[in-house]
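S.K.: need a structure here:
(one chain, ligands or ions: 1)
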Amino acid sequence: MEDQHRECLKSNRSFLCSEISLSTGLFAKLTESCVITDEHLQKLQNIKRNDTTKAAVFEFLSEILPKRGPEAFDLFLEALCESEQRHVAERLNKWLSDDCSEDAGTFERLQHELRTHYNDKLKFVYTMPWLPTEGFSLKETFVQRRLRLTSGDRKGTEVKMDEILASVGEGRNKRILVEGDPAQGKSTLCQALAFAWSQPDEASENIKSFDLVILLHAGDLRGQDSVGGAIKEHLLPIDCGIPLRQLEKLLQEKNVLLIIDAFDEASTENEMLHQLIEGKRLKHKPLLVTSRPNFLENKQRHFESTFTVEGYNNREQLKHVERYAAHKNIASAPFESMLKDKSIRDLCSNPLNLTLLCLLREEDTQLRITRTALYTSIHRIIKQKAAKRLKLIEAEVEESLLRPLYQFAFEAHQKNETVVREKDSKKVQNFQRICEVGYLTNEVIISRLQKEVRFQFTHKTFVEFLTAKHIAEMDQEERMNWMQHLRYANCYIRIHGLAIEDRFNVEQNDPVLGFLFGLLEEESAELTQMASLVINETRFSYEHHPLSLYSRCDASHQLLRFIAELNVVPPELADVICKRRPPLINIHYHCSVSCRRGMLKLCNLRFQPPIPINVYLGYSRDEEEKMSFVQKLIESKNIDCSKIWINPDDHTELWNDVRGFRIGQADSVQQVSIYCMDIEGIPCEEFSFGNHLSELELIYFEPSCSFFLEAALHKPLTSLQLIDYELDDRCISLIHQLLRNQRLQRVQLTSSWHFGFFLADFAQIENLQSLEISLNDSTDEEMRSLEAILKRNKLSKLTIDSYKYSGSLYSVLNEGFNSMSSLRELHLQFVDIIHLPNLRHLDLINFFLDSTLNDDVIAVLSDALRSWRNLQQLSIEFDFIPFSSVAECSLRKLFEAIAGCHRLQILHFDCLEMADSVVPSVCKMIESLKQLRKFTSKRQRNESLTEEGFKQLEPIIKRNGLNTEVR
Ligand SMILES: Nc1ncnc2c1ncn2[C@@H]1O[C@H](COP(=O)(O)OP(=O)(O)OP(=O)(O)O)[C@@H](O)[C@H]1O
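M.R.: Numbers count the residues shown, from 1 in each chain. Just a heads-up that it's a prediction; the model follows:
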């Protein structure tokens, strides 16, 4: 039966039910012309008998007649006429002729109805399905999208949204497919097109050239007999009075663009959709279909052009947050700085995620929100959207679709992949539905031989989050077993010429473990057990190096990053952290935002006494964040913000830092290191520090920075350090004045110059415990001062930085070593230690040597090492002299001597000659150093180390808990 006849019966149904008489005459005519069968007759008579005539007529009109073929309607009219019911037939004929008559105003009315519908319904974007009141104005927040052509000659070309319509209608270019990952903005793009068409402005966009734009969801076509029917049902008011037949006629006659969104959501049981795509309906009308990737499979060939929606680039991300902020009438700076946060960068290329990040950032001005909370919010939204589109309740989505997905993610993560392979997908029955949730997209790989389908996770970070969900659901034993098998030490192995390479940074485990901590926040016992494992494995509680310009964020910070994922550190875990507190924590500019957040969490734990913290945020880009972070550290009673490094670009920044951090004030940080390189000229205001300044370190000091020395003149300094500096007479005089201060315990004056003339001042400082000085051409007078200092036996640290050791300097040092039982740290630069055999009388904890490598040096060094039973840190930098080499037996002796330093924790070599023949001794050495936690060998010299030789060493330097760097 034709649509118009069906419509006619429907529109006149109440009239027909009350007017038609089911007379014998009518039944006779209908059976004679085969409009009804004997069974139909039986059925209708039964209804008439048991119910009413009206009920029987209703059954006939709705259930029987429409299904009786194309002729049935006309035969029915004839039967009516011949059974004395002509008036009924005439009424139906009149309705049909009225309906078909040209109505000059219908097109305008239809256009008006569609435009007002789009204007009303599409002006807002509703991102959160559960918040129908929270809409974003499309006009104000929409960001122009870029699409990439993926078919035809111009494949790869990038076009703007409106440009995809430019050539529509020309030639065969009628069917357009736009694919895009979940939540990449396909629906919003369709919305923007239809909305743009509905607006009265004069814009010359391509979309405006269409007489009619029809935007339907693919699901709107289900169960429809015609596109007109879907339009009537979904886009027009019930009483608009536009007859279906006229609507269909207009669709044929006018310049119409049909947009069908979300093929992927409603492609099954949708004959109409397939007919449209295949050109069986509205063949000559442009059709734009959107879908998630690879759902169209063999339908793809019907499209003349195909595009993908590109993820946001940096410029678009910025535009998105700017528009968001302007729409909400708030400052955009916090959103812009959010874009720089490494931990969420992955999410920002997707508009849904970026919108959610903005929403969360808006609520969380203190950046307290954890990554876990962020991903949990996004996960919740994806789950709700899935429940809606799959018509399930959320618990069902979790149980039947998400749990298997967590398992897939875990398995993919174990293989360091982000895909699920077809054969794995077959392990579950409902895999296609799992895909529909929105975390996986189909990826068809066409090889020459066969088609292979893989399913790609939309983001690597989602694989990590879903993996953590899987692990969170494991039982405790299984989870701990999984954790125990992870690596907790950094490893960097790369030797020139050898095909051996390993780069592992504990941060690689951070994403999954971080999420796991966040997800198990409520499970205090589990959390504490996991944290204890991390504390052990990463040596969180060990003594850390004092902070220097070259320090890096190392494995021991991992716990900080994990507790950053907790909203509150549960008391049980807090107890463990307090008991196993490290003696010192360094925060430097390599530290991630998570390290810093974790540090702020530590500030709330009760450490008695407070843990000292050194902070070096020299190159951090976000000044505001840096300031507020350090201020929070300063305010905390549980930590002691001891020393801060600042790296000001100019005087304004210098002032901001000194004032902002209240440097030198009683209740603030009292030790400061200033990197002076960029500070030029003298400040316009008088410069000052707080009255409690206790340590001043100036790096790259120049005479123009003498105002720092002046500002420190009457402060209670216990430490004064000038590193890599130049001095004029005025500076020298200021330093002399500063050295009169009897509180000084530590002095460092190191640069390439000779500064022996200060030795007389040092000799006057009663409590001097640490002396670090550059000495090149020393006078006898100066040597006498040095001798006095050494023999006083107060020094615990000594650094001699010299490129020209005189005989007298060697003899003063060698003599001095006899009586320096307090010395624990010794740094000797460019020295020839064969002149210092008394080294062995010392009792060192930390020894740094920069020396030319030869057999005699190794003999003296080995001798000394054998007597240093308390040594914890050893750094040996051998000066590289081309073509020189040492006897292997000497090297073996050295390794044996080191092997005896059982307390050694840190071992560093530079330019070590390690040939295959000494590898067994190196292995033995490392094996015997049970407390070793860091092994470095840089600028590996010997070319005769082979892959075979290195293979022996590999398992030993990769042992659990040993941070290794060999290059
Ligand atoms: N161009 C845009 N400008 C600003 N925000 C956008 C844009 N596109 C999308 N968004 C944001 O992203 C959200 C998700 O977009 P949308 O629903 O259009 O994605 P989709 O590709 O249709 O997703 P799915 O495949 O899951 O159906 C929107 O609700 C909106 O908040």
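S.K.: what does the chain put close to the ligand?
M.R.: 125, 127, 141-143, 145, 180, 182-188, 262, 292, 320, 351-352, 355, 438 (C-beta under 6 Å from any ligand atom). In this view, the C-beta of every residue, glycine as well, is placed from N, C-alpha and C.
S.K.: let's see that with 5 Å instead.
M.R.: 125, 127, 142-143, 180, 182-188, 351-352, 355 (C-beta under 5 Å from any ligand atom).
S.K.: can you pull the buried residues of the lowest-mean-pLDDT helix or strand in the chain?
M.R.: In the chain, no helix or strand scores lower on mean pLDDT, DSSP states H and E than strand 440-446, which sits at a mean of 73. Neighbour counts over strand 440-446 (16 or more other C-beta atoms under 10 Å) mark 440, 441, 442 as buried.
S.K.: same question for stretch 834-852.
M.R.: 834, 836, 838-842, 844-852.
S.K.: the spatially closest residue to residue 583 that is not a sequence neighbour in helix, strand or coil?
M.R.: What sits nearest to residue 583 in space, not counting adjacent residues and going by C-beta to C-beta, 6 or more residues apart in numbering, is residue 543, at 5.2 Å. Put simply, residue 543 is coil when judged by DSSP: H, G, I helix; E, B strand; the rest coil.
S.K.: and residue 543, how many neighbours?
M.R.: 14 (other C-beta atoms under 10 Å).
S.K.: local confidence estimate at it?
M.R.: In this model, residue 543 is scored at 72, pLDDT.
S.K.: and it, how far from the ligand?
M.R.: 50 Å (C-beta to the nearest ligand atom, to the nearest Å).
S.K.: now do residue 201
M.R.: Distance, residue 201 to the ligand, using C-beta to the nearest ligand atom: 19 Å.
S.K.: pick out the most distant pair among the buried residues of stretch 834-852.
M.R.: Farthest pair in these (C-beta to C-beta) is 845 and 852. Separation: 25.0 Å.
S.K.: let me know the closest of the buried residues of strand 440-446 to the ligand.
M.R.: Nearest to the ligand among the buried residues of strand 440-446 is residue 441, at 9.1 Å by C-beta to the nearest ligand atom.
S.K.: now do the helices in the stretch 451-600 of the chain.
M.R.: Under the criterion DSSP state H, counting those that start in this stretch, the stretch 451-600 of the chain contains helices at 460-472, 476-484, 510-519, 524-538, 558-563, 571-579, 593-602.
S.K.: Throw these into a markdown table and include mean neighbour count and mean pLDDT, thanks.
M.R.: Shown next, in a markdown table, are the helices of the stretch 451-600 of the chain (neighbours: other C-beta atoms under 10 Å; pLDDT from 0 to 100):
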| stretch | mean neighbour count | mean pLDDT |
| --- | --- | --- |
| helix 460-472 | 22 | 92 |
| helix 476-484 | 13 | 96 |
| helix 510-519 | 24 | 95 |
| helix 524-538 | 19 | 96 |
| helix 558-563 | 25 | 95 |
| helix 571-579 | 16 | 96 |
| helix 593-602 | 22 | 88 |
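S.K.: who wins for proximity to residue 957 among those?
M.R.: That would be helix 524-538 among those, by C-beta to C-beta, at 16.7 Å.
S.K.: any idea how far whichever residue of the stretch 51-200 of the chain sits closest to the ligand lies from residue 144?
M.R.: Per C-beta to the nearest ligand atom, residue 185 is where the stretch 51-200 of the chain lies closest to the ligand, at 2.8 Å. Per C-beta to C-beta, to the nearest Å, residue 185 is found 11 Å from residue 144.
S.K.: got it, and residue 661?
M.R.: Counting by C-beta to C-beta, the gap from residue 661 to residue 144 is 44 Å.
S.K.: quick one: which of these two has more around it?
M.R.: Set residue 661 next to residue 144 and count neighbours by other C-beta under 10 Å: residue 661 wins out with 23 against 11.
S.K.: from the ligand, how far off is that one?
M.R.: Distance check for residue 661 against the ligand: by C-beta to the nearest ligand atom, it reads 40 Å.
S.K.: on that earlier part again, who wins for proximity to residue 940 among the helices of the stretch 451-600 of the chain?
M.R.: Using C-beta to C-beta, the helices of the stretch 451-600 of the chain put helix 524-538 closest to residue 940, at 26.3 Å.
S.K.: can you pull the pLDDT of the closest residue to residue 817 other than its chain neighbours?
M.R.: With sequence-adjacent residues excluded and distances taken as C-beta to C-beta, 6+ apart, residue 817 is closest to residue 838, at 3.9 Å. pLDDT, residue 838: 97.
S.K.: isn't residue 838 up against residue 820?
M.R.: No - contact criterion C-beta atoms under 8 Å: residue 838 and residue 820 do not qualify, at 9.2 Å.
S.K.: in contact with residue 312, which residues are there?
M.R.: Counting by C-beta atoms under 8 Å, 6 or more residues apart in numbering, residue 312 makes contact with 143, 320, 348, 349, 350, 351, 354.
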